[in-house]
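[1] here is my input, please return the structure:
(one chain, ligands or ions: 1)
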Amino acid sequence: MRLENVLVIGGSGFIGRHLAAALVRRGIRVTVPTRRSERAKHLTLLPTVNVVQTDVFAPGILERLATGCQAVFNLAGILHGRRGRRDERGPNDYGPDFARVHVELPQAIARACRAAGVRRLLHVSAVGASPDAPSEYLRSKGIGEQAVLATDDLEVTVFRPSVVFGPEDRFLNQFAQLSRFLPVLAVPCPQATFAHYPGLTVIMPATSQLAPPSDVRKRTRELSLLPVEPP
Ligand SMILES: NC(=O)c1ccc[n+]([C@@H]2O[C@H](COP(=O)([O-])OP(=O)(O)OC[C@H]3O[C@@H](n4cnc5c(N)ncnc54)[C@H](OP(=O)(O)O)[C@@H]3O)[C@@H](O)[C@H]2O)c1
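    Now for the predicted structure:
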């Protein structure tokens with residue numbers, strides 16, 4: 001199948017900008033929904049990217065955006081949310097914000113793919129994601145993964161990156177900024193060494209996975225740091 005149009009939900013973020021650029025280099029038209037087009041203005045410089053300011057949770061929007069696409073990427077994610085209650089299973093286990101973005105949105109995306117006739121779904125989760133993981137982030141990611149993998153009529157690939165870093169990431173750049181002012185920085189893993197490799201992201205394997213898997217229909221890819229061509 002020839003790839004001409006791809007929808008990238010969460011495409012305005014750090015990984016999404018590299019993914020969009022990589023797709024454009026392959027001659028693909030890319031649609032990126034965002035809650036605030038201001039946040040995605042860097043993408044408007046790319047020739048075949050269409051930034052759409054919208055609410056992806058509004059009824060019918062995802063289906064409309066996915067119509068005419070051959071593949072949909074889901075990169076939407078948050079790092080912080082209102083706390084849940086571990087004593088209650090279900091959404092209360094990880095709080096309403098993680099539930100909305102990491103569970104309800106992937107479910108809605110899978111439904112929209114089906115309704116729009118898109119068979120290929122590429123979903124970005126996180127390494128360690130599991131319904132039993134210790135953090136709310138990883139538990140909600142684990143349930144979201146299960147939701148997309150449970151679909152038996154879509155060709156799904158789940159990517160499970162560890163920390164992804166590059167020029168615009170939030171995580172390591174916060175460390176870099178702090179290190180300018182603080183003489184000592186405490187890191188959770190004292191053996192960790194932080195290096196900075198511009199353009200090092202998960203995008204290359206993600207784009208090379210655009211074609212549906214030929215052997216098995218659903219695959220989960222654990223990704224650590226992997227090199228790509230520079231953005
Ligand atoms: N960066 C890493 O090191 C890393 C590691 C492991 C896994 N991941 C996963 O990879 C994915 C992309 O990460 P990233 O670093 O590129 O994230 P990011 O820069 O924070 O971007 C997050 C994206 O999610 C969208 N989003 C957040 N909340 C939303 C909501 N309520 N409704 C609609 N869209 C929403 C944002 O869209 P708006 O334009 O609307 O704000 C934005 O495009 C995430 O799923 C993340 O969990 C990242």
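[2] Gly128 contacts Arg139, correct?
    No - in this structure Gly128 lies outside contact range of Arg139 using Cβ atoms under 8 Å: 10.1 Å. C-betas here are computed from N, CA, C, even on glycine.
[3] and the longest helix for this structure?
    In the chain, assigned by DSSP state H, the helix with the most residues is helix 136-149.
[4] by contact count, what packs against the helix or strand just after that helix?
    On the C-terminal side of helix 136-149, the closest following helix or strand by DSSP states H and E is strand 155-161. On a contact count with 3 or more Cβ pairs under 8 Å, 6 or more residues apart in numbering; DSSP states H and E, strand 155-161 meets strand 120-124, helix 136-149, strand 218-223.
[5] and the first one, C-alpha only, in PDB?
    The C-alpha trace of strand 120-124 is given here as PDB (Å, rounded to 0.1, in the frame of the first residue of the first chain):
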ATOM      1  CA  ARG A 120      -2.500   0.700  10.400                       C
ATOM      2  CA  LEU A 121      -2.100   2.100  13.900                       C
ATOM      3  CA  LEU A 122       1.300   2.900  15.400                       C
ATOM      4  CA  HIS A 123       1.100   3.700  19.100                       C
ATOM      5  CA  VAL A 124       3.800   5.200  21.300                       C
END
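[6] I would like the residues contacting it, please.
    Residues external to strand 120-124 that are found in contact with it (Cβ atoms under 8 Å, 6 or more residues apart in numbering): 10, 15, 70-75, 77, 106, 109-110, 113, 144-145, 148, 151, 154-159, 161, 202, 206, 209-210, 212.
[7] strands paired with that strand, and their directions?
    Using DSSP bridges, strand 120-124 pairs in its sheet with strand 71-74 (parallel), strand 155-161 (parallel).
[8] looking at those, which one is packed in the most?
    strand 71-74 (a mean of 27; mean count of other Cβ atoms under 10 Å).
[9] does it reach the ligand?
    No - figure legend: strand 71-74 not in contact with the ligand (Cβ under 6 Å from any ligand atom); closest approach 7.5 Å.
[10] rewinding a little: neighbour count: Gly128 and Arg139, which is higher?
    Arg139 (23 against 15; other Cβ atoms under 10 Å).
[11] I'd like to know which helix or strand in this structure has the lowest mean pLDDT.
    Lowest mean confidence among the helices and strands of the chain (mean pLDDT, DSSP states H and E): helix 203-208, at a mean of 50.
[12] so the nearest residue in space to Asp153 that is not next to it in sequence: helix, strand or coil?
    Closest residue in space to Asp153, ignoring its immediate chain neighbours: Arg114 at 6.3 Å, by Cβ to Cβ, 6 or more residues apart in numbering. With DSSP: H, G, I helix; E, B strand; the rest coil as the basis, Arg114 sits in helix.
[13] burial of Arg114, as a residue count?
    If you count neighbours by other Cβ under 10 Å, Arg114 ends up with 16.
[14] and the pLDDT for it?
    Per-residue confidence (pLDDT) for Arg114: 97.
[15] how near is the nearest residue to Gly128 once chain neighbours are set aside to Gly60?
    Distances taken as Cβ to Cβ, 6+ apart put Leu138 closest to Gly128, at 5.2 Å, once the chain neighbours are dropped. Distance, Leu138 to Gly60, using Cβ to Cβ, to the nearest Å: 31 Å.
[16] over to Ile143?
    24 Å.
[17] these two - which one has more neighbours?
    Ile143 (22 against 9).
[18] tell me the pLDDT of the closest residue to that one other than its chain neighbours.
    Nearest residue to Ile143 in three dimensions, chain neighbours excluded: Val103, at 5.0 Å (Cβ to Cβ, 6+ apart). At Val103, the model reports a pLDDT of 97.
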